[in-house]
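Enquirer: A structural model of the following input is requested.
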Amino acid sequence: EVQLVESGGGLVQPGGSLRLSCAASGFTFSSYFIAWVRQAPGKGLEWVSTINGGGGSTNYADSVKGRFTISRDNAKNTLYLQMNSLKPEDTAVYYCTRDSGYWGYDYWGQGTQVTVST
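Expert: Coordinates of the predicted model:
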């Protein structure tokens, strides 16, 4: 059974940092691109970042470029998102999702809440 479990969310002040984790199981983790997608209150899903299976290729949304860093540890089947210089507009539920290419995002975690506020 494919499972993705996020953790690391919380409440942080503007300018602060958080590191999200996504523990994967039930599939060959290193064979898949994995993405972070977020959903702000009352808004639709927004793609944040994607990393390839080997970890050597990454892409970011313009809204987070230079502030967020996606990485992965294939030995631990874990995906990370280091978030620095957080802004109130980064407040959202953050999901990790498996990118199956033609079939799109086929498995999702339950999400972790990130709140950036004073």
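Enquirer: tell me where the model's unsure across the protein.
Expert: Scanning the chain for pLDDT under 70 picks out nothing.
Enquirer: the strands in it, which residues?
Expert: 3-7, 10-12, 18-25, 33-39, 45-51, 58-60, 68-73, 78-83, 92-99, 105-108, 112-116 (DSSP state E).
Enquirer: report the angle between the third one and strand 45-51.
Expert: Angle, strand 18-25 to strand 45-51, by axes from the mean of the first three to the mean of the last three C-alpha atoms, to 10 degrees: 80 degrees.
Enquirer: buried ones in strand 18-25, by neighbour count?
Expert: Buried residues in strand 18-25, counted by 16 or more other C-beta atoms under 10 Å: 18, 20, 21, 22, 23, 24. From N, CA and C alone the C-beta is placed, and that goes for glycine too.
Enquirer: would you turn those into TSV with distance to residue 58?
Expert: Below are the buried residues of strand 18-25 laid out as TSV (distance: C-beta to C-beta, whole Å):
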residue	distance to residue 58
18	18
20	15
21	17
22	15
23	19
24	17
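Enquirer: list the contacts for the residue nearest the centre of the chain?
Expert: Nearest residue to the geometric centre of the chain (C-alpha atoms, centre = their mean): residue 36, 2.9 Å. By C-beta atoms under 8 Å, 6 or more residues apart in numbering, the contact list for residue 36 reads 20, 22, 47-50, 70, 79, 81, 94-97.
Enquirer: now, of those, which are buried?
Expert: Here, 16+ other C-beta under 10 Å leaves 20, 22, 47-50, 70, 79, 81, 94-97 buried among these.
Enquirer: now those residues in TSV, with distance to residue 1?
Expert: Listed next are the buried ones among the contacts of residue 36 as TSV, based on distance: C-beta to C-beta, whole Å:
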residue	distance to residue 1
20	22
22	16
47	25
48	25
49	25
50	23
70	25
79	18
81	24
94	22
95	18
96	16
97	16
